[in-house]
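Undergrad: could you look at this predicted model? Sequence included:
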Amino acid sequence: MEGAPYGAPYGSLIETKYPENRLGNVGRRPWIRGDAMRSRSPYCLAQVMQLRRYLATSDDAIAVLVRRLRRGVLQFTLPAPRVVVRPMLLLYVAGRQLIHGARRLFIAEPLFKAYCTSYGANVRTGIFVHWVMGKGDLILGDNVEVRGKCSFSFASRFSDRPTLRIGSHTNIGHSCSFVVGKAIEIGDHCLIASDVVMFDSNGHPSDPLGRLNDLPLTPDDVRPIRIGNNVWIGQRSIISPGVKIGDNSIVSAGAVVITEVPANVIVAGNPARKIGSLTPPPSSTPVDAADASDVAAAPAPDAPISAVA
């Protein structure tokens, strides 16, 4: 621009072309240099902070009044006559159940069953769509319930068809995670609490040199998990690769299981260790009518849990 020295600031160029803006004439927006705008912003922020500090700490009548008004607004509440709020609650619960039922029946369950390779009768989910990633076989028995929102990840690079098999009458809690490289098998009548994690591979080789060179896992690093029948796994437990848990056993909440768990025991801790024993249930084989009286007259078993010394 004419009259402006080479390399002059942007504001100087504007003021050179429009010198009347220096006077802030009516109808024209006065131009402000960038450094003036930057210097004004901290000043305004300091003024706001000073005002807040004054209103929060001053004993002046105005500050006290403002604090009382703020406290009154925050503590304001309305009366809730039961004759009014009870019907409101019933309508809200009914509407919520209707919406959740529709989400479960028409969205969550059909999409989850579409992921499954096969599933039995009466498979149920919650209102959320479960996260399924990768290609593998998801096989469910009868009367399986997968609650909440769980994660199922299949790593097909370790196996042609990684398989997650869940037995009949098993209940999976909210936010469980299953990472399947080869196979994870869960028996019948199992209870899997929320936030349980199961993975049959660690994702990276344990050899330091292998991790340094970003080498893939070897087939020996992927070890299937086997969960027996009637097993109860507590909340936030971790089941590591190669673990086998026997029938009827209990894994306490928060346990980290890295070794085999025998049948009819209780384990807890990190790493999980045996803390108690369980009396196995009577055989599920049917008995004859003649023997029914003998079974009914048999003395009650000892306490189901006996502490380990």
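TA: Yes, it's here. Everything numeric in this text was worked out from a predicted model, so none of it was measured.
Undergrad: now residue 53: phi and psi?
TA: Torsion angles at residue 53 (phi, psi; degrees, to the nearest 10) stand at phi -60, psi -40.
Undergrad: list the buried residues of the host helix or strand of residue 41.
TA: Secondary structure assigned from DSSP states H and E places residue 41 in helix 34-57. By neighbour count on 16 or more other Cβ atoms under 10 Å, the buried set for helix 34-57 is residue 55. In short, each C-beta sits where N, CA and C put it, glycine included.
Undergrad: which other helices and strands does that helix contact?
TA: helix 61-74 (3 or more Cβ pairs under 8 Å, 6 or more residues apart in numbering; DSSP states H and E).
Undergrad: mind doing that once more with 6 Å?
TA: Using 3 or more Cβ pairs under 6 Å, 6 or more residues apart in numbering; DSSP states H and E, no helix or strand is in contact with helix 34-57.
Undergrad: contact partners of that helix?
TA: Outside helix 34-57, the residues within contact range by Cβ atoms under 6 Å, 6 or more residues apart in numbering are 63, 66.
Undergrad: between helix 61-74 and it, find me the angle.
TA: Using axes from the mean of the first three to the mean of the last three Cα atoms, to 10 degrees, the direction of helix 34-57 lies 80 degrees away from that of helix 61-74.
Undergrad: helices along the stretch 201-309 of the chain, start to end?
TA: In the stretch 201-309 of the chain, the helices defined using DSSP state H, counting those that start in this stretch lie at 208-212, 289-297.
Undergrad: ok, of those, where does mean pLDDT dip lowest?
TA: Lowest mean pLDDT of the helices of the stretch 201-309 of the chain: helix 289-297, a mean of 40.
Undergrad: just confirm residue 127 is within a helix.
TA: No: going by DSSP: H, G, I helix; E, B strand; the rest coil, the assignment for residue 127 is coil, not a helix.
Undergrad: how many residues are close by it?
TA: Using other Cβ atoms under 10 Å, residue 127 is surrounded by 17 other residues.
Undergrad: list the contacts for residue 229?
TA: 187, 188, 189, 247.
Undergrad: the same query, at a cut-off of 7 Å, please.
TA: Shown in contact with residue 229 (Cβ atoms under 7 Å, 6 or more residues apart in numbering): 167, 187, 188, 189, 247.
Undergrad: for residue 129, same thing?
TA: Counted by Cβ under 7 Å, 6+ apart, residue 129 has contacts 107, 108, 111.
Undergrad: how near is the first one to residue 259?
TA: Remark: distance between residue 107 and residue 259 (Cβ to Cβ, to the nearest Å) = 41 Å.
Undergrad: circling back: so which of the contacts of residue 129 wins on neighbours?
TA: Result: residue 108 is most packed of these (other Cβ under 10 Å), 21 neighbours.
Undergrad: tell me the secondary structure at that residue.
TA: Residue 108 ends up helix, using three-state DSSP.
Undergrad: low-confidence stretches in the stretch 151-300 of the chain?
TA: 284-300 (pLDDT under 70).
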